[in-house]
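Student: I would like the atomic coordinates for the input below:
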Amino acid sequence: NEEADPLLSFFSEIDGVTAKKTGAKLNNKTDKYTAQDLGKTDDQIKRLVGQNYKWKNLNPFDVMMLDTDATIDDIKTRYRKLSALVHPDKHLKIIRARDAFEEVKTAYQTLMDKERKNVCVSTIEAVRLRTAKERAKMLAKGMDKHLLEAQFGFQDEHCKREVMKEFAAIEMRRRETEEHMQAQREREQATEEEEKEKLKKDSEKEKTWNEDEGREKRIDHWRDFNTTGKTPKKAKMWKEEERNLPPGARKKFAIENANDYKKNWK
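Tutor: Have a look, this model is predicted:
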């Protein structure tokens, strides 16, 4: 009954999405992951939302308790099992269940994205190779194996810590880049706002100046009227001189007819 189980359609969608696309049933699960014990709900919530969990969960394979060899079916199956253990609809009384589920969901979405998954795989494999070379180098220089393990732990533990550090370093670089970009956007916005404010002030200043100039002119006209009783005369525009001139004489400040030369030439 779908109404009795709100997760039925949710899990059915996860199991069926690949089969719908390919038209075939896929059964490519890895035995070591199928038989893996995931513990109880309390264990998973403590693991997923413990101290500094946002940094520890940057590696999606670690969140899903899988390795880089996990298949798509392994990822889907693991998502179903972890979701059942921490889904908030199943565990309403557990406060951190929703946070734990969000961590699982984020890791699942990352691993289902082929490009992002490949980046994670490349990062993990590169760190493992680098760590193995560093351990081999220390042993080659005469470091005792027991001392190496006491200082750095077994190779798997050592690699896991180094992978976690690498993902944290990548996240730090991403955040720094985002902060720089945000600061740049804020500077550009501030500059734009300053320019707008300057244009606004200049416009208001010019408007005020024009109003003041018009007011001064009106005051001057009023003063002249009170003194003389006459309205001040407007400045006369230049006008072409009009008077009788001898034949052939040119008018002062006048514009000659551009076609006169044609008449004289004829």
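Student: What ranges does the stretch 151-266 of the chain have for its helices?
Tutor: Taking DSSP state H, counting those that start in this stretch, the helices of the stretch 151-266 of the chain run over residues 155-228, 260-265.
Student: hey, least reliable of those helices by pLDDT?
Tutor: Across these, helix 260-265 has the smallest mean pLDDT, namely a mean of 57.
Student: In terms of helix, strand or coil, where does Gln51 fall?
Tutor: Secondary structure assignment for Gln51 (DSSP: H, G, I helix; E, B strand; the rest coil): coil.
Student: That one and Gly153, how far apart?
Tutor: Using C-beta to C-beta, to the nearest Å, we find Gln51 at a distance of 20 Å from Gly153. Just so you know, the C-beta spots here come from the backbone N, C-alpha and C atoms, and that holds for glycine as well.
Student: got it, and Val163?
Tutor: From Val163 over to Gly153 the distance is 13 Å, taken as C-beta to C-beta.
Student: before we move on, what about Glu192?
Tutor: Going from Glu192 to Gly153 by C-beta to C-beta gives 54 Å.
Student: and if you look at Asn57?
Tutor: Computed as C-beta to C-beta, the Asn57 to Gly153 distance reads 21 Å.
Student: higher neighbour count, the two?
Tutor: Each of Asn57 and Gly153 has its neighbours counted (other C-beta atoms under 10 Å); Asn57 has more, 22 against 13.
Student: Quick check: that one touching Val63?
Tutor: Yes. Assessed by C-beta atoms under 8 Å, Asn57 is found in contact with Val63 at 4.9 Å.
Student: which neighbours do those two share?
Tutor: The contact sets of Asn57 and Val63 overlap at 48, 103, 106-107 (C-beta atoms under 8 Å, 6 or more residues apart in numbering).
Student: Out of those residues, which end up buried?
Tutor: 48, 103, 107 (16 or more other C-beta atoms under 10 Å).
Student: so which helix or strand takes in the last one?
Tutor: The secondary structure element spanning Ala107 is helix 97-112 (assigned by DSSP states H and E).
Student: what is the rounded mean pLDDT of that helix?
Tutor: Averaged across helix 97-112, the pLDDT comes to 95.
Student: Tell me the helix or strand right after it.
Tutor: Beyond helix 97-112 in the direction of the C-terminus, DSSP H and E gives the next helix or strand as helix 114-140.
Student: tell me the angle that following helix makes with helix 97-112.
Tutor: Helix 114-140 runs at 90 degrees relative to helix 97-112, counting by axes from the mean of the first three to the mean of the last three C-alpha atoms, to 10 degrees.
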